[in-house]
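**Student:** Predicted coordinates and the sequence they were generated for:
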Amino acid sequence: MPDDLSGLKDDMNAFILGHGLSRFQGYVTEEVHSVMWDPRDNPESWKDFVELAKKAGAQFLSMDEEVLQRDELDYLIQRLQHASFPSDDDLEEARWLRNYLGKTGFIQLGWPHQGIMFLFEATTEWYERYQHLLDLVEDFGTMAIDDSDADDEH
């Protein structure tokens, strides 16, 4: 998989429109009943996914992409720096992600059928690591503070 999926996104747009389907800009969340496409190590399987959507009578496909933005990466680095137990490795990895600013790291295609969204996702290795670091800093924010000593005093 390349480090930048913007070329793949352009190919997908052309293929979708070439099949007479429309594109809806939107991300399908985990709360929606969905089935994930299994590409079976075929980088071109997204074409089969689009063709199946057309055969199933879909009029459109949803599409979302994530491009690494400087302000989002700066925020991640800031959160890592202010963590209670910052990891030098995590911080260094976040700084290393600057190499990917402006690049597309994630694409999601989807189409609805009988109340279920069928999804195809493509991602880069660096974007998966970026997501891991984001999850890590979110976990820092949700850690409960143990104030049982304060309860014992009352």
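**Tutor:** Here it is on my side, so go on. As the structure is a prediction and not an experimental result, all values here were calculated from the model.

**Student:** For the rest of this, base every contact and every neighbour count on C-alpha atoms.
**Tutor:** Noted.

**Student:** Quick check: chain neighbours aside, which residue is closest to the most centrally placed residue in the chain?
**Tutor:** Centroid check for the chain by CA atoms, centre = their mean gives Phe106 as the closest residue, at 5.0 Å. Residue nearest to Phe106 in three dimensions, not counting chain neighbours: Thr123, with 4.4 Å by CA to CA, 6 or more residues apart in numbering.

**Student:** What's the local residue count around that neighbour?
**Tutor:** For Thr123, the tally of surrounding residues (other CA atoms under 10 Å) stands at 19.

**Student:** Next, the contact list for it, please.
**Tutor:** By CA atoms under 8 Å, 6 or more residues apart in numbering, Thr123 lies in contact with 1, 5, 105-107.

**Student:** Name the single longest helix found in this protein.
**Tutor:** Looking across the chain with DSSP state H, the single longest helix is helix 125-142.

**Student:** Alpha carbons of that one, in CSV - could you do that?
**Tutor:** The C-alpha trace of helix 125-142 is given here as CSV (Å, rounded to 0.1, in the frame of the first residue of the first chain):
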residue,chain,number,x,y,z
GLU,A,125,0.6,1.9,8.0
TRP,A,126,1.5,5.4,9.1
TYR,A,127,-2.2,6.3,9.5
GLU,A,128,-2.8,3.2,11.6
ARG,A,129,0.0,4.3,13.9
TYR,A,130,-1.4,7.8,14.0
GLN,A,131,-4.8,6.4,15.1
HIS,A,132,-3.1,4.3,17.7
LEU,A,133,-1.4,7.5,19.2
LEU,A,134,-4.8,9.3,19.1
ASP,A,135,-6.4,6.4,21.0
LEU,A,136,-3.6,6.5,23.5
VAL,A,137,-4.0,10.2,24.3
GLU,A,138,-7.8,9.8,24.5
ASP,A,139,-7.2,7.0,27.0
PHE,A,140,-5.1,9.5,29.0
GLY,A,141,-8.0,11.9,29.2
THR,A,142,-10.4,9.2,30.4
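
**Student:** Right, I'll leave it there.
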